[in-house]
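Colleague: Quick one, structure for this:
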Amino acid sequence: MSVLTRLAAPLALTLACAPLPALAQIATVPGAVNDGPITAASPDGSLVLTVAIDGDGRPTYSLSRKGKLLIGASSLGFILTDGPTMVRGNHIIGSEASKPAPSTWEQPWGERRYVTDNHTELLVKFKQVPEWGGREMNVRFRLFNDGFGLRYELPTQAAMTTMKIADELTEFNLAQNGTAWWIPGGEWNRYEQVYQKTPIDGVSTAHTPITMKLADGTHLAFHEAALVDYSAMWFKRIDGTSFRSTLSPNPGGPKVTRDLPFNTPWRTIRIADNAAGLVENDLELNLNEPNKLGDVSWVKPMKYIGIWWGMIRGDWTWAEGPNHGATTARTKQYIDFAAKNGFGGVLVEGWDKGWNGNWFGNGKDFSYTQATPDFDIKAVTDYARKKGVELIGHHETGGNIANYEAQLDDAMKMYAALGVHSVKTGYVADAGGIRAPGATPDTYAMAYHDGQRQVEHHLKVVETAAKYHIAIDAHEPVKDTGLRRTYPNWIDREGARGMEYNAWGQFANGPSHEPTLVYTRMLSGPMDFTPGVLSLEGAKHAPLASTLAKQLGLYLAIYSPIQMAADFIETLAAHPKELAFIRQVPADWSESHLIAGEVGEYAIFARKDRKSDDWYAGGVNDATARTVTLHFDMLDPGKTYTATIYKDGEGATYETDARHKIAYDTKTVKKGDTLDLWLAPGGGAAIRLHPGK
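Modeller: Predicted coordinates for the structure are as follows:
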């Protein structure tokens, strides 16, 4: 029993699988108090949530699955910078339960065309006693059959009009140990880190998504959804297998400042029996608001090439000079290649003024409307238009969002007038090195890449771009939290250690990097990984931890609605069979299924083209050679398919020059058939399944 005086008898509420009224009101008698427990269940009854007040007046929740405790009693609340904590001294003053009818909504682009939303919901209203401030805090819980989300909803109230949050104290007390795959939160290189595999009780502070496999085999992934006007959540271990949220810092002040009323982002847990259950899960998308932009038919998934790899390797420069990459002549050459080979766009980095000198973490000299003397942007875009190709714009900020925001509208307006409909943005600076507008035009307020100010900035860029029918591919971004549903022109982000690192050292990413990304970073949303380095070489011939077949498998494993063929066009042309596959593989899907895979080891997908009856299958492997059996149960019944197979050649391995060995095969398959596929160390495969013999 609580040490606080009870004002009403406990009330227990169980949401069974039977439909409830759209908004069933519970315990709403004025002045009444119910300190729980209150329970709710997912539509299939497998997840059961319990909400209560503990002996110190702290709101808690716990979660069980299939009758077994998953998350033990975990506290909820906030630390403020200007008042008592919003943790102790609480009562439950009301609750509302509902079970909406299952619904299906359509994505304009994505891994799958249709998404099903089936959940139950519980809103619990808390209020502190007067001696703790008398403040109100509502928490909304949603239970899906394969996941769970909660968010805080701060209502209008006399006790508080503006909330200044020092930190958020949402706990996650895991009932079991197990294995975790994670990257540290708050480090200088943001999300661009190699994933660690440790016991769960060996995690420190992690970025999300963080993926876990419990001792009993249950798979979990912790993340957040609908991150708007709030700092990103880092996942901090308290002790043993107990974790809590901690927010990205805002140096010199509260981590979040918001006027009431407002809602926080959702804290999410994907829950599954296996790796496929984690991947084929739309939890965060379902917790975001529907499309706010209206008709977005102008957002076009595509494949592209670019003047980029040459700068990453050091062959060319972003800065002006004799090795400048972004010249008019070179861009026209790339446009010609794109037109000939069916690529929709050509990315050009370094076209604008400001790259000379120190731009890393500075960016004050960047112009977003003035080109370098050797780049005629109008001539280039006119030339591209005649060839049926688009220029993909580029805005590197060097982390100086003050300079970028001052030019943002003019820059997007100019691109729109030139027929540029996609823009890659960049924020190259150390973590904590974002230069936000300060007190005067010459001063800056330094901020984190995923703090509240930068979260607000990214949304401003996306909304401004939408006004001009421009899509955004953000690099060095805030992590994806499903906002692509609400703003479908937010087509892509980087937000992880991409292909570029392979240019800077031997086996820089390691063979297990991509098979780990599939089950960690990729759970948040699309990634502009930039596959297709068919030379398998970085600078100074540094080898990639990849076979040639793996480079093709990346187009199936690492989803993006804009997929790059990153290598030099001369190298692409020197691999005509591989180029043929890259030309054919779509960037937009009607269905996606993980048909074989384990976290951090390997991942083989089957995906169906949204514009044809073709299926594609393929993916990536770690350093362990293995044979996997692929089941073609996803194919349409009654049809015969020709499978064109690109696979690791005999003896292939990422560790030697045998990484270039690739084999080609053709088979006839139908629904229900299987295929044994050998994957080399650091290898992969890609298959096109076309109806007809």
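Colleague: For the rest of this, base every contact and every neighbour count on C-alpha atoms.
Modeller: Will do.
Colleague: Distance check, residue 85 against residue 583.
Modeller: As judged by CA to CA, to the nearest Å, residue 85 and residue 583 stand 57 Å apart.
Colleague: can you give me the strands in the stretch 1-150 of the chain?
Modeller: 24-26, 38-41, 47-53, 59-65, 68-75, 78-80, 90-98, 103-106, 114-117, 119-128, 136-144, 147-154 (DSSP state E, counting those that start in this stretch).
Colleague: just so I know, which of these lies nearest residue 165?
Modeller: Nearest to residue 165 among these is strand 78-80 (4.5 Å), distances taken as CA to CA.
Colleague: What are the contacting residues of that closest one?
Modeller: 85-87, 163-170, 254 (CA atoms under 8 Å, 6 or more residues apart in numbering).
Colleague: pull the CA atoms of the longest helix along the chain into PDB?
Modeller: The helix that spans the most residues within the chain, counting by DSSP state H, is helix 401-418. In PDB, the C-alpha atoms belonging to helix 401-418 read as follows (Å, rounded to 0.1, in the frame of the first residue of the first chain):
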ATOM      1  CA  ILE A 401      22.600  26.200 -39.000                       C
ATOM      2  CA  ALA A 402      22.600  29.900 -38.300                       C
ATOM      3  CA  ASN A 403      24.100  30.500 -41.800                       C
ATOM      4  CA  TYR A 404      21.900  27.900 -43.400                       C
ATOM      5  CA  GLU A 405      18.600  29.100 -42.000                       C
ATOM      6  CA  ALA A 406      19.400  32.700 -43.100                       C
ATOM      7  CA  GLN A 407      19.600  31.400 -46.700                       C
ATOM      8  CA  LEU A 408      17.200  28.400 -46.500                       C
ATOM      9  CA  ASP A 409      14.200  29.800 -48.300                       C
ATOM     10  CA  ASP A 410      16.200  31.500 -51.100                       C
ATOM     11  CA  ALA A 411      18.200  28.300 -51.600                       C
ATOM     12  CA  MET A 412      15.100  26.100 -51.900                       C
ATOM     13  CA  LYS A 413      13.400  28.600 -54.200                       C
ATOM     14  CA  MET A 414      16.400  28.600 -56.500                       C
ATOM     15  CA  TYR A 415      16.500  24.900 -56.700                       C
ATOM     16  CA  ALA A 416      12.800  24.600 -57.500                       C
ATOM     17  CA  ALA A 417      13.200  27.100 -60.300                       C
ATOM     18  CA  LEU A 418      16.100  25.000 -61.700                       C
END
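Colleague: what helices or strands is it leaning on?
Modeller: helix 377-387, strand 434-437, helix 452-467 (3 or more CA pairs under 8 Å, 6 or more residues apart in numbering; DSSP states H and E).
Colleague: List the contacts of that helix.
Modeller: With contact meaning CA under 8 Å, 6+ apart, helix 401-418 is reached by 363-364, 366-369, 378, 381-382, 393, 397, 421, 434-437, 444, 457, 461, 464-465, 468-470.
Colleague: pLDDT on it, on average?
Modeller: Regarding helix 401-418, the rounded mean pLDDT is 98.
Colleague: Name the next helix or strand downstream of it, please.
Modeller: strand 422-426 (DSSP states H and E).
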